[in-house]
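K.L.:
okay, sequence plus prediction incoming.
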Amino acid sequence: MNKIKNPWLHKEGYNCIGCSPDNPIGFHLDFYEDGDYVLTTWQPNGNYQGWINTLHGGVQSLLLDEVAGWVVTRKLQTTGVTSKMEVKYLQPIATHKGPITLRARINKQMRNIAFIDAEILNDQNEICTQATLLYFCASKEKALATMGFSGCELE
């Protein structure tokens, strides 16, 4: 498993709630490549609950969208936007237990559309939430011209 370098560090205006280390209310996620997967871990707490001691479903969706975006960044070496996301909540995620794991991989790619499977695993390594995301991916030329993206490497 190898750590992915954050290509957005030091870009003016970069303040992503998922991965910016400088966002005061962000998740400060670091991402890793493990075979076909991109993954990260995160420790939920009571500030992110919906029901008592239960991670809010909207927060889960945000986290799944973030890890899927990093799949596009690392595996496809471009940028993209979420066009569609379908989430299945299989079991609650506790906010007072151990860290959760987020992981995602490309299921299929057709031209500039990527189908990404993502999931959240609890501290017992049980799949709690699954998502299928459809990402519209920019050409590498457009990613460079509009976002200054020139690639995503490993440390």
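P.N.:
Alright, I've got the coordinates.
K.L.:
which other residues reach the worst-scoring helix or strand of the chain on mean pLDDT?
P.N.:
Every helix and strand in the chain was compared by mean pLDDT, DSSP states H and E; the lowest is helix 140-147, with a mean of 90. For helix 140-147, contacts defined as C-beta atoms under 8 Å, 6 or more residues apart in numbering pick out 77-79, 138, 149-150. For every residue, glycine as well, the C-beta is placed using N, CA and C.
K.L.:
and it, which residues are buried?
P.N.:
Of the residues in helix 140-147, residue 143 count as buried by neighbour count, 16 or more other C-beta atoms under 10 Å.
K.L.:
biggest helix in the chain by residues?
P.N.:
Counting residues, the longest helix found in the chain (DSSP state H) is helix 57-75.
K.L.:
against which helices or strands is whichever helix or strand comes after it packed?
P.N.:
Next along the chain after helix 57-75, taking DSSP states H and E as the criterion, comes strand 80-89. Using 3 or more C-beta pairs under 8 Å, 6 or more residues apart in numbering; DSSP states H and E as the contact test, the elements touching strand 80-89 are helix 57-75, strand 127-137.
K.L.:
could you look over the ones you listed and pick the most buried one?
P.N.:
helix 57-75 (a mean of 21; mean count of other C-beta atoms under 10 Å).
K.L.:
sort out which residues of the helix or strand residue 106 falls within are buried, please.
P.N.:
Taking DSSP H and E as the criterion, residue 106 maps to strand 100-110. By neighbour count on 16+ other C-beta under 10 Å, the buried set for strand 100-110 is 100-106.
K.L.:
report the central residue of this protein.
P.N.:
Nearest to the mean C-alpha position of the chain, by C-alpha atoms, centre = their mean, lies residue 67 at 1.3 Å.
K.L.:
from residue 51, how far out is that one?
P.N.:
23 Å (C-beta to C-beta, to the nearest Å).
K.L.:
before we move on, what about residue 20?
P.N.:
On the measure of C-beta to C-beta, residue 20 and residue 51 end up 28 Å apart.
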